[in-house]
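>>> quick check, what structure comes out for this input:
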Amino acid sequence: MLDDFKATLGKRGLAKPTLFLVKFKTVPSIMYQFEGVNEITSDMHFFAESAEFPGTQLLTQEHRYYDMPSKYVYAKAHDDLNITFRLDRDFNIKRFFDGWVNSMYNPETGNVYYKNVYAGQIEVHQLMENGDASYGIELIDLFPTSIGQISVGWDQSGSYSKLPVTFSFKKIKIIPPEDLYVRESGERNFDSVDTILPNVAENVKSKLDNIKDDASNILQEKKTDLESGLRNTIMSWF
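Have a look, this model is predicted:
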């Protein structure tokens, strides 16, 4: 049984949550009046720190036939999509979502626009180690419903700012295998955390060993020079 388990895992592998891609497929057309929107959306997958594949619930209603109750599905519902973005130094990502909010709600007049004006589409892909996607979903008629707070403080030295965003959407489309994300030629493979960390640890250990050896050699040279100088000084007294 154990050999079969190991063989199955070796053949199929395990999906790694560190390997994912968030892709903004479309954004509201009104957003393109802002400078740099194309560049921001194309770079957004680098700043998506965490994402989700939203859950699905089948809504049921109970029907009784004589004394035998039975449930029937009458609708389907999805959880919201939560994505946490790293914020760039110029706060362009924050400005991007500020603009998206203003495309839904006019801050000057208080008017709310129609959904076809402010809805967009996002894709979420699960990636393999070679950078190609193995699974993906497209979230249709999507828009942000909550732009989270940004924490700042003197005690956060060494960290970076994050922006949590919650999206609502109308439906989920599973992306066909032929339309999944494929790593472009020349792009580096995606390394998972459990692959990167051992390499980093080995590199750090190697550098520390080199520093230790260099320090030992320098101390030995200093010791030899000191002993020679002390010997010469003593000999000069006689």
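
>>> now residue 87. Its backbone dihedrals?
Torsion angles at residue 87 (phi, psi; degrees, to the nearest 10) stand at phi -90, psi 130.

>>> buried residues in stretch 108-126?
By neighbour count, with 16 or more other Cβ atoms under 10 Å as the criterion, the buried positions of stretch 108-126 are 118, 119, 120, 121, 122, 123, 124, 125, 126. In this view, the C-beta of every residue, glycine as well, is placed from N, C-alpha and C.

>>> ok, residue 158 - how many residues close by?
4 (other Cβ atoms under 10 Å).

>>> which member of the buried residues of stretch 108-126 is positioned nearest residue 107?
For the buried residues of stretch 108-126, the residue nearest residue 107 by Cβ to Cβ is residue 118; the value is 13.8 Å.

>>> and the closest one, backbone torsions?
Phi and psi for residue 118, reported as degrees, to the nearest 10, are phi -110, psi 0.

>>> isn't it up against residue 28?
Yes: contact criterion Cβ atoms under 8 Å: residue 118 and residue 28 qualify, at 4.8 Å.

>>> overlap in contacts of these two?
Contact with both residue 118 and residue 28 is made by residues 100, 103, according to Cβ atoms under 8 Å, 6 or more residues apart in numbering.

>>> state the mean pLDDT of the host helix or strand of residue 8.
Taking DSSP states H and E as the definition, residue 8 sits inside helix 2-12. Predicted confidence along helix 2-12 averages 80 (mean pLDDT).

>>> quickly list the domain ranges of the chain.
With domains defined by automatic domain parsing, the chain comprises 13-189, 191-238.

>>> now this protein, which segments are flagged as low pLDDT?
For the chain, the stretches with pLDDT under 70 are 184-219, 222-223, 225-238.

>>> max-length strand in it?
Counting by DSSP state E, the longest strand found in the chain is strand 133-147.

>>> hang on, the earlier thing: gap between the following helix or strand past the helix holding residue 8 and the chain center?
Later in the chain than helix 2-12, the nearest helix or strand by DSSP H and E is strand 20-26. Here the centre of strand 20-26 is set off from its chain's centre by 11 Å, with Cα atoms, centre = their mean, to the nearest Å.

>>> and the next helix or strand past strand 20-26?
Next element after strand 20-26 (DSSP H and E): helix 37-47.

>>> elements contacting the helix or strand following that following helix?
Next helix or strand after helix 37-47 toward the C-terminus (DSSP H and E): strand 48-50. With contacts taken as 3 or more Cβ pairs under 8 Å, 6 or more residues apart in numbering; DSSP states H and E, strand 48-50 sits against strand 81-86.

>>> neighbouring strands of the strand it packs on in the sheet, and parallel or not?
strand 48-50 (antiparallel), strand 162-168 (antiparallel) (DSSP bridges).

>>> what residues of the last one count as buried?
Taking 16+ other Cβ under 10 Å as the basis for neighbour counts, the residues of strand 162-168 that come out buried are 162, 163, 165, 167, 168.

>>> good, wrapping up.
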